[in-house]
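Visitor: sequence plus the predicted model coming up.
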Amino acid sequence: MRLLERKERTEQPPALYDLTTLQREANRLFGYTAQESLDYLQSLYEKRLATYPRTDSRYLTEDMAAGLPALCRTVAEALPFLEGLPLPVNADQVTDSSKVTDHHAVIPTAEIAGADLVSLPTGERNVLTMLAARLLCAVGEPHIYAETAVTLECGGGSFTAKGRTEAAMGWKEAERACLASLKKAPKGAPPAALPELAEGQTLEGGDAVLKSGTTSPPARFSEDTLLLAMERASAEDFAKLEDVERKGLGTPATRAAIIEKLVRSGYAAREGRYLVPTEKGLALAWAMPDQLKSAKLTAEWEERLGAVERGELAPEEFMAGIVEMLRGLVRGYANVSVASSALSRSGRTVVGKCPRCGKDVVEGKKSFFCEGYYDTPPCGFALWKNNRFFASKRKELTRKIAAALLRDGRAHVTNLFSERKGVFYDATVVMADDGGKYVRFELEFDKRKGAK
């Protein structure tokens, strides 16, 4: 053994959640979409169990420091998996008024003490557990461990090995208790501990195996990684600007809606936890001018809007610049043709067969409609995306749901919202088409399980 090195490492507690980091973590842990996480958080906010959700800050204001010990005790008492764990409260780690914009970080409220957490819908309960655990982790003690690195010489070659020994669990204790309660494994297992070693020690040789492999292509975007990419898009351009509220693509409040619109419009599709471009999306990306695809354009407009706000640029001049840019793009791309039919009407995605005339039902911007619409007389069958039934239940009529309705006449749908009870539940939506102008829908519940 040629070299032995031991170093004590300190891992500081994580910051509190803003909306984007919570959406990313919920997607990684539970597979929730960004919109689902926002809906769960909004419902918790309306029940006064969580603070305002649409925030980009990960800190609290300094005047909240005095109330943090009592809030942390209340939160810890409400979560059984934290019983018996130490509860340090280092308020200065999470309070910094200079880093709070319109709203502070998302945290649970003291109302958690009187809440019946068991009766909450699963999604809301999971998100509230995440909020509570992150608060206690953020105010906790550092996690301290000793990292050992050893270099071994064998047969004229040098080999390295690393391991660690926990010295003080700190905030990691609350995190691991939380993940265990959610039946989730910690992200990234730490290196295994090495046995007691000394420099110059001779070790017995073991079996050696030479393995060959290949590199893997970059993974597709999940909503977790896509949200991060949107947040950091053109970061170097935004870094040059001062006092700019909006950075990256979208805002914490709009990024979920942007992703949902891409899926709803047929430009992207969900495959498990991943988001993939459709033929229509690829065709649009090919046809779109490079200038409009660059996040740098957003940074430039933000800079000019800041000048308008400061009175350094007239609003009319700003709009005139946009008009001139659009005219130039139209002139430059006037003769560009798109080879793919995905962007044309004939290239619409077929989602099923019409129950009235048997022709294809295709996806349009506002509905899933029968291609017999163009016949004489026209077939009037359509499933409208913004219909009152689904809107009242805070649910999108997606392509997947529409396909199931057309194939089976029914579709099992999760996380429907009850306006009367203020909770989310699962049920089977049944299509009841009587040939009228609008298709009606009914609900069926599993008699064994009932609503959530």
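Guide: Received it, and whenever you're ready, just let me know what you need.

Visitor: give me the number of residues near E300?
Guide: Using other C-beta atoms under 10 Å, E300 has 15 other residues around it. Just so you know, the C-beta spots here come from the backbone N, C-alpha and C atoms, and that holds for glycine as well.

Visitor: next one: the one 10 residues further on
Guide: Look at R310: counted by other C-beta under 10 Å, it has 9 neighbours.

Visitor: buried sites along the host helix or strand of V276?
Guide: Using DSSP states H and E, V276 sits within strand 274-277. Residues L275, P277 are the ones in strand 274-277 that count as buried (16 or more other C-beta atoms under 10 Å).

Visitor: now do the helix or strand immediately after it in the chain: distance to the chain's middle.
Guide: Remark: after strand 274-277, the chain's next helix or strand is helix 279-287, criterion DSSP H and E. For helix 279-287, the separation from the chain centroid amounts to 24 Å (computed by C-alpha atoms, centre = their mean, to the nearest Å).

Visitor: and the helix or strand just after helix 279-287, average pLDDT?
Guide: Going down the chain from helix 279-287, the next helix or strand is helix 290-293, by DSSP H and E. Per-region confidence: helix 290-293 scores 81 on mean pLDDT.

Visitor: name the residues that touch helix 290-293?
Guide: If you take C-beta atoms under 8 Å, 6 or more residues apart in numbering as the criterion, helix 290-293 is touched by A285, L297, M325, L329.

Visitor: buried residues, it. List them.
Guide: For helix 290-293, using 16+ other C-beta under 10 Å, no residue counts as buried.

Visitor: dump the C-alpha coordinates for it into PDB.
Guide: Extracted C-alpha coordinates of helix 290-293, given in PDB (Å, rounded to 0.1, in the frame of the first residue of the first chain):
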ATOM      1  CA  ASP A 290     -33.000  29.700 -34.700                       C
ATOM      2  CA  GLN A 291     -33.500  33.200 -33.200                       C
ATOM      3  CA  LEU A 292     -36.900  32.200 -31.700                       C
ATOM      4  CA  LYS A 293     -35.500  28.900 -30.300                       C
END
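
Visitor: ok, which stretches of the stretch 51-200 of the chain are helices?
Guide: Applying DSSP state H, counting those that start in this stretch to the stretch 51-200 of the chain gives helices spanning 68-78, 122-138, 172-181.

Visitor: which strands or helices does the last one pack on?
Guide: Right, the one you point to is helix 172-181. Judged by 3 or more C-beta pairs under 8 Å, 6 or more residues apart in numbering; DSSP states H and E, the packing partners of helix 172-181 are helix 122-138.

Visitor: next: the first one.
Guide: Helix 68-78 sits against helix 122-138, with contacts defined as 3+ C-beta pairs under 8 Å, 6+ apart.

Visitor: before we move on, what about the longest one?
Guide: With contacts taken as 3+ C-beta pairs under 8 Å, 6+ apart, helix 122-138 sits against helix 19-30, helix 34-46, helix 68-78, helix 172-181.

Visitor: buried sites along that helix?
Guide: Residues of helix 122-138 classed as buried: 123-138 (neighbour count, 16+ other C-beta under 10 Å).

Visitor: tell me who's in contact with A268.
Guide: The contact partners of A268, by C-beta under 8 Å, 6+ apart, come to I259, L262, L275, V276, P277, T278, G281.

Visitor: quick check: the farthest pair among those?
Guide: The most widely separated members of those, counting by C-beta to C-beta, are I259 and T278 (13.8 Å).

Visitor: looking at the two, which one has more neighbours?
Guide: Shown here are I259 and T278; by other C-beta under 10 Å, I259 has more neighbours (23 against 17).

Visitor: so what's that one scoring on pLDDT?
Guide: Listed pLDDT for I259 reads 91.

Visitor: measure it to K385 for me?
Guide: Taking C-beta to C-beta, to the nearest Å as the measure, I259 falls 16 Å from K385.

Visitor: and for G436?
Guide: Separation of G436 from K385 (C-beta to C-beta): 18 Å.

Visitor: next, format the helices and strands packed on helix 122-138 as CSV and append distance to I107, mean pLDDT and mean neighbour count.
Guide: Listed next are the helices and strands packed on helix 122-138 as CSV, based on distance: least, C-beta to C-beta, whole Å; pLDDT from 0 to 100; neighbours: other C-beta atoms under 10 Å:
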stretch, distance to I107, mean pLDDT, mean neighbour count
helix 19-30, 11, 93, 22
helix 34-46, 11, 94, 22
helix 68-78, 8, 93, 18
helix 172-181, 14, 88, 18
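
Visitor: Throw those helices into CSV and include distance to A149, thanks.
Guide: Converted to CSV, the helices and strands packed on helix 122-138 look like this (distance: least, C-beta to C-beta, whole Å):
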stretch, distance to A149
helix 19-30, 29
helix 34-46, 39
helix 68-78, 37
helix 172-181, 21
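
Visitor: ok, which of those helices comes nearest L405?
Guide: L405 lies closest to helix 34-46 among the helices and strands packed on helix 122-138, at 20.7 Å (C-beta to C-beta).

Visitor: distance to E11 added to the contacts of A268, as CSV?
Guide: Formatted as CSV, the contacts of A268 follow (distance: C-beta to C-beta, whole Å):
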residue, distance to E11
I259, 31
L262, 36
L275, 31
V276, 35
P277, 37
T278, 41
G281, 40
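
Visitor: nearest to V118, of those residues?
Guide: Nearest to V118 among those, counting by C-beta to C-beta, is I259 at 31.4 Å.

Visitor: can you show me the strands along the protein?
Guide: Remark: strands assigned in the chain by DSSP state E are 3-11, 143-154, 157-168, 268-271, 274-277, 350-353, 360-363, 367-370, 382-384, 410-418, 423-432, 440-444.
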